[in-house]
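S.K.: need a structure here:
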Amino acid sequence: MRLLLPLALPLLLLLTACGQPDPYFRESAVTRVEVQGDIFDVRLRGRLAEAVRRNPRYAPRLGPVGPRAANAMQAVSGCRVAEIRGDAAMVLGLLDCGAGSSAGDRRKRAPASCEIVERWRLLGGQEEGLLLDCLRI
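M.R.: Residues are numbered from 1 along each chain as shown. The predicted structure is shown next:
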């Protein structure tokens with residue numbers, strides 16, 4: 001028992017870090033989106049978007065999760081996702097919003113491939129949730 005106690009604190013700190021955003025996105029508002037059974041916390045900053053997968057579905061690689069994360073980023077930003085990188089837990093996307101678009105109006109537009117089923121905002125107004133019904137094009 002005495003051996004487990006010194007290991008418990010570092011393990012607890014390590015587990016607390018799971019699901020936290022990259023430091024670059026830490027000050028960005030989070031929007032929770034569900035796309036085809038996967039739940040993502042999406043944060044935007046400039047031309048970048050981050051999607052952190054929150055559900056426990058088994059996904060050993062980016063392949064099956066990547067397109068869903070890109071759809072979540074597109075739904076929140078309203079911009080096309082030009083490129084994605086990362087792994088099955090945290091995906092970084094490069095946004096292509098076209099010429100003349102500003103970062104302020106990205107969250108107002110919705111892509112043609114998704115329909116918002118439910119929308120809510122938690123107390124404090126910082127975290128917004130969306131439940132989307134998206135079609136794969």
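S.K.: what segments of this structure are strands?
M.R.: Using DSSP state E, the strands of the chain run over residues 30-35, 38-45, 48-53, 80-86, 90-96, 114-121, 127-134.
S.K.: in its sheet, what does the first one sit against?
M.R.: I take that to be strand 30-35. strand 38-45 (antiparallel), strand 127-134 (parallel) (DSSP bridges).
S.K.: lowest mean pLDDT across the ones you listed, which one is that?
M.R.: Mean pLDDT per stretch puts strand 127-134 lowest among the strands paired with strand 30-35, at a mean of 67.
S.K.: next, count neighbours for the residue nearest to Val117 when sequence neighbours are not counted.
M.R.: What sits nearest to Val117 in space, not counting adjacent residues and going by C-beta to C-beta, 6 or more residues apart in numbering, is Leu131, at 4.6 Å. For the C-beta atoms, the positions are set from N, CA and C on the backbone; glycine is no exception. Leu131 has 15 neighbouring residues, counting by other C-beta atoms under 10 Å.
S.K.: so in terms of bridging, what pairs with Leu131?
M.R.: Going by DSSP bridges, Leu131 forms beta bridges with Glu34, Glu118.
S.K.: hmm, Ala88 is touching Arg61, no?
M.R.: Yes - between Ala88 and Arg61 there is a contact under C-beta atoms under 8 Å: 6.0 Å.
S.K.: who has more neighbours out of these two?
M.R.: Remark: of Ala88 and Arg61, Ala88 carries more neighbours, 18 against 9, as counted by other C-beta under 10 Å.
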